[in-house]
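Sequence and predicted structure below; questions after.
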Amino acid sequence: MTDKISDLLSKREQLKKGGGEERIKAQHVKGKLTAWERLELLVDPGSFTPFGTFVTHRANLFGMDKRRVYGDGVVTGLAKIDGRKVAVYLQDFTFMGGSVGEMHAAKIAATIRHALKTGVPIIGINDSGGARIQEGVDSLKGYGEIFYWNVMASGVVPQIVAIMGPCAGGAVYSPALADFIIMVRKTSYMFITGPRVVKAAIGEEVTFEELGGADVHAEKSGVADFVVDTEEEAIGLIKKLLSYLPPNNLDDPPYIDVGDDPEREDEYLNSIIPEDPLKSYDIREVIEGIVDKGSFLEVKERFAPNAVIGFARLNGHVVGIVANQPAVYAGALDIDSSDKISRFVRFCDAFNIPIITFVDVGGFLPGTVQEHGGVIRHGAKIIYAYSEATVPKITIIVRKAYGGAYIAMGSKHLGADFVYAWPTAEIAVMGPEPAVEIIYKRQLAEVENKEELVKKFAEDYRSKIANPYVPAERGYIDDVILPSETRPRIIKTLEFLLSKRERPPRPSRKHGVPPT
Ligand code: HXC
């Protein structure tokens, strides 16, 4: 072996040591893997094709001239996951805490550009102390360029980020600009300002976990789409999520036949809606009874649980599911559920994923908290997203569909291709009880005990207006179907609509201005 060959081989050995044995040990003590160990779990054996292998930083101040490793704390390359091409970057906490300097950032930006050029998803594993303090504005410039390329990639290739360590300060904006965030419980956190700064600035005492732990972001802020207990689970979830996504916006999502009979009818669905309109049930049972068995992958499960979103398959075809959840706030829409639904609808539309909507919604949540929080502008996002979406849109009204919420939830009027209703559907300006309180106000004021009369008027209103046949007569509902026949019916409808190519007659514009 010549000296030059052995020199290269020894450099390669060095590469995988990152910041050194001590730092690798410290990483393991925290229950975390190194970037190289994560890579091995993530990608198909032998598929990794690195770039920027020997990149180093070029900073000299604060002793940086003596702290250089090949790769500059981030592993970047192209690879395959379950045989499908992806671009990956994995931050290496063992070198300077995975901090982002100019060259480290340039490698991440190059990963995104490679993904854009070749039309493949971007998978990032973040584990970093943020902007490399010693590199000053060069580090900020690097972050700025990552954000810029995140935005350029939005709607072109799917972007998935798993947080496997700290993610603080402006660093949080790169994952926030991606499509999906996975967080690992207890070892990852995300916040703009850490607990020490919070204490100094506003005197609030809060732990890392309380401020920006995985559960907080899954339940309260809605920043995390998924939370898992281990890094291995996170990597498994990346692979599962990818199985529902096309490589880019010009391709279709992968078709996988899971062996569920497309003609299967679930009799149980015929009795799932309670007789009493005030009683609730779990919409997930409806979804799971209709989609291919075991195919439903719920997204943002714990955030805004009054709406349910996720991916599923219908006779092997990927669909996006949007539904109201009557078991929480009677399924009413609010600020958070509006954000949750609208972003998901836009994602599905960008990536050729048909949208199946299940409606059971009494309206928008009333009160000052919602009004002052801007439920008007948030709710408007749902209308914007459905109106804009040109992928196949199939809507099933299973029970209530009242007022603005009826229009917003994928109605015919916003461009749904097919709208079905179950016989239990009630479609009107508002629910029968509040409606009769208004239209029979004078008669009701004249009687001693108005409850009986309200009930009588409400039944009359329900039979004359709040049923599926009135809108069906006008063609706003294409058919009233048995709950049990929903699966075969929407599969047939979907398969006809798969060739849909809608180019609506839109006035020329640079872009719309959606409500925010
Ligand atoms: C340079 C950093 C660093 C950083 C960590 N290190 N963060 N070096 N720049 N931002 C180094 C540490 O000095 C240490 O180096 C090594 O990484 C491991 O860090 P430890 O502190 O030993 O690890 P741990 O105890 O696990 O604590 C991790 C940590 C802490 C919580 C992330 O290091 C920390 O608070 N770092 C600073 C975080 C921060 O304020 N970042 C700036 C955020 S603002 P040695 O020499 O010991 O190996 C920001 C702005 C971005 O990012 C703006 C973009 C728009």
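Looks like it arrived, so ask away. Bear in mind the structure is a predicted one, so any value in this text is a computation, not a measurement. Numbers count the residues shown, from 1 in each chain.

Distance from the chain centre to the longest strand seen in the chain, please.
In terms of residue count, the longest strand belonging to the chain (DSSP state E) is strand 393-402. The offset between the C-alpha centroid of strand 393-402 and the centroid of the whole chain comes to 22 Å, using Cα atoms, centre = their mean, to the nearest Å.

Sheet partners, orientation included, of that strand?
On the basis of DSSP bridges, the sheet neighbours of strand 393-402 come out as strand 355-361 (parallel), strand 418-421 (parallel), strand 426-428 (parallel).

So which of these is the most surrounded?
Using mean count of other Cβ atoms under 10 Å, the stretch among those with the greatest mean number of neighbours is strand 355-361 (a mean of 26). No exception for glycine: its C-beta is placed from N, CA and C like everyone else's.

can you list the residues that contact that one?
By Cβ atoms under 8 Å, 6 or more residues apart in numbering, the list of residues contacting strand 355-361 from outside reads 283, 286-287, 312, 314, 319-324, 326, 331-333, 345, 348-349, 386, 389, 391-402, 405-406, 409-410, 416, 490, 494.

out of these, which are buried?
Among those, the ones that count as buried by 16 or more other Cβ atoms under 10 Å are 283, 286-287, 312, 314, 319-324, 326, 331-333, 345, 348-349, 386, 389, 391-402, 405-406, 409-410, 416, 490, 494.

Which ones among these map onto helices?
If you go by DSSP state H, these have 283, 286, 287, 345, 348, 349, 386, 405, 406, 490, 494 in helices.

Specify which member of those residues is nearest to residue 19.
The shortest gap between residue 19 and any of these belongs to residue 348, at 41.0 Å (Cβ to Cβ).

List the beta-bridge partners for the spatially closest residue to that closest one that is not a sequence neighbour.
Residue nearest to residue 348 in three dimensions, not counting chain neighbours: residue 320, with 3.7 Å by Cβ to Cβ, 6 or more residues apart in numbering. Note on residue 320: beta-bridge partners by DSSP bridges are residue 311, residue 355.

can I assume residue 320 is in contact with residue 352?
No - with contact taken as Cβ atoms under 8 Å, residue 320 and residue 352 are classed as non-touching, separated by 10.4 Å.

Up against the ligand, what does the stretch 51-200 of the chain have?
Within the stretch 51-200 of the chain, the residues that sit near the ligand (Cβ under 6 Å from any ligand atom) are 96-97, 99, 129-134, 140, 143, 166, 168-171.

give me the low-pLDDT residue ranges for the stretch 401-516 of the chain?
Nowhere does the stretch 401-516 of the chain drop to pLDDT under 70.

Might you report the residue contacts of the nearest residue in space to residue 490 that is not next to it in sequence?
The spatially closest residue to residue 490, leaving aside those adjacent along the chain, is residue 394, at 5.5 Å (Cβ to Cβ, 6+ apart). Contacts were defined as Cβ under 8 Å, 6+ apart; by that measure residue 394 touches 354-357, 416-420, 490, 493-494, 497.

Repeat that for residue 218.
Taking Cβ under 8 Å, 6+ apart as the contact definition, residue 218 lies against 183, 224, 226, 227, 300, 301, 302, 303.

For ChimeraX, what selects the buried ones among those?
Under the burial definition 16+ other Cβ under 10 Å, those of the contacts of residue 218 that qualify are selected in ChimeraX by:
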select :183,224,226,227,300,301,303
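
Can you tell me which of the contacts of residue 218 lies closest to the ligand?
residue 183 (15.7 Å; Cβ to the nearest ligand atom).

Show me what the helix or strand where the closest one lies is packed up against.
For residue 183, the host element (DSSP states H and E) is strand 180-184. Using 3 or more Cβ pairs under 8 Å, 6 or more residues apart in numbering; DSSP states H and E as the contact definition, the elements that strand 180-184 packs against are strand 159-163, strand 226-228, helix 231-242.

Now the shortest one: average pLDDT?
For strand 226-228, the per-residue pLDDT values average out at 98.

which secondary structure elements does that strand contact?
Here strand 226-228 touches strand 180-184, helix 231-242, going by 3+ Cβ pairs under 8 Å, 6+ apart.

what's the offset of stretch 470-477 from the middle of its chain?
33 Å.

what sits up against it?
With contact meaning Cβ under 8 Å, 6+ apart, stretch 470-477 is reached by 397, 411-413, 419-421, 425, 427, 464, 468, 478-480.

Could you rerun that using 10 Å?
Outside of stretch 470-477, the residues that reach it under the criterion Cβ atoms under 10 Å, 6 or more residues apart in numbering are 395-397, 401, 406, 411-413, 416, 418-421, 425, 427-428, 464-465, 468-469, 478-480.

Run through the stretch 1-150 of the chain and note the low-pLDDT ranges.
Segments of the stretch 1-150 of the chain classed as low confidence (criterion: pLDDT under 70) are not present in this model.

dump the residue contacts of the closest residue in space to residue 188 that isn't next to it in sequence.
On the basis of Cβ to Cβ, 6+ apart, the spatially nearest residue to residue 188 that is not a chain neighbour turns out to be residue 163, at 4.2 Å. Contacts of residue 163 were listed using Cβ under 10 Å, 6+ apart, and they are 124-128, 172, 175, 181-184, 187-190, 212, 214, 217, 223-224, 234.

What strand or helix carries residue 453?
Residue 453 belongs to helix 450-464 when elements are defined using DSSP H and E.

same check, this time on residue 54
With DSSP H and E as the criterion, residue 54 is inside neither a helix nor a strand.

Does it touch residue 76 like I think?
No - taking Cβ atoms under 10 Å as the definition, residue 54 is not a contact partner of residue 76, at 12.0 Å.

The two - which one has more neighbours?
Neighbours per residue (other Cβ atoms under 10 Å) separate residue 54 from residue 76, with residue 76 holding more: 25 against 11.

Can you verify that one is assigned to a strand?
Yes - for residue 76, which was evaluated using DSSP: H, G, I helix; E, B strand; the rest coil, the result is membership in a strand.

Write out the residues of this structure neighbouring the ligand.
96-97, 99, 129-134, 140, 143, 166, 168-171.

Are any of the residues you listed buried, and if so which?
96-97, 99, 129-132, 134, 140, 143, 166, 168-169, 171.

I'd like these written out as CSV, with distance to residue 382 added.
Formatted as CSV, the entries for those read as follows, by distance: Cβ to Cβ, whole Å:
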residue, distance to residue 382
96, 44
97, 41
99, 40
129, 38
130, 35
131, 36
132, 41
134, 46
140, 36
143, 32
166, 34
168, 32
169, 32
171, 30
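
Out of the residues you listed, which sit inside strands?
166, 168.

picking that back up, so for residue 205, which of the strands paired with strand 393-402 sits nearest?
Closest approach to residue 205 among the strands paired with strand 393-402 (Cβ to Cβ): strand 355-361, 40.1 Å.

before we move on, the earlier item: out of the ones in helices among the buried ones among the contacts of strand 355-361, which two sit at the greatest distance?
The most widely separated members of those, counting by Cβ to Cβ, are 405 and 494 (24.2 Å).

Look at residue 82 and say how many residues are nearby.
12.

I figured it hits residue 242, correct?
Yes - taking Cβ under 10 Å as the contact criterion, residue 82 and residue 242 are neighbours in contact, 7.2 Å apart.

Can you check which residues contact both of these two?
Shared between the contact lists of residue 82 and residue 242 (criterion: Cβ under 10 Å, 6+ apart) are residues residue 254.

Can you give me the buried ones in the following helix or strand past the helix holding residue 453?
Of the helices and strands lying after helix 450-464 in sequence (DSSP H and E), the nearest is helix 469-473. Along helix 469-473, these residues count as buried under the neighbour rule (16+ other Cβ under 10 Å): 471, 472.

ok, the helix or strand that helix 469-473 is followed by: who's next to it in the sheet?
Proceeding N to C from helix 469-473, the next assigned helix or strand is strand 479-480, under DSSP H and E. For strand 479-480, the paired strands and their directions (DSSP bridges) are strand 418-421 (parallel).

now could you export just the CA positions of the strand it pairs with as CSV?
Extracted in CSV, the C-alpha atoms of strand 418-421 (Å, rounded to 0.1, in the frame of the first residue of the first chain):
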residue,chain,number,x,y,z
PHE,A,418,-67.8,14.2,-5.2
VAL,A,419,-69.8,14.8,-2.0
TYR,A,420,-71.6,11.9,-0.3
ALA,A,421,-73.9,12.0,2.7
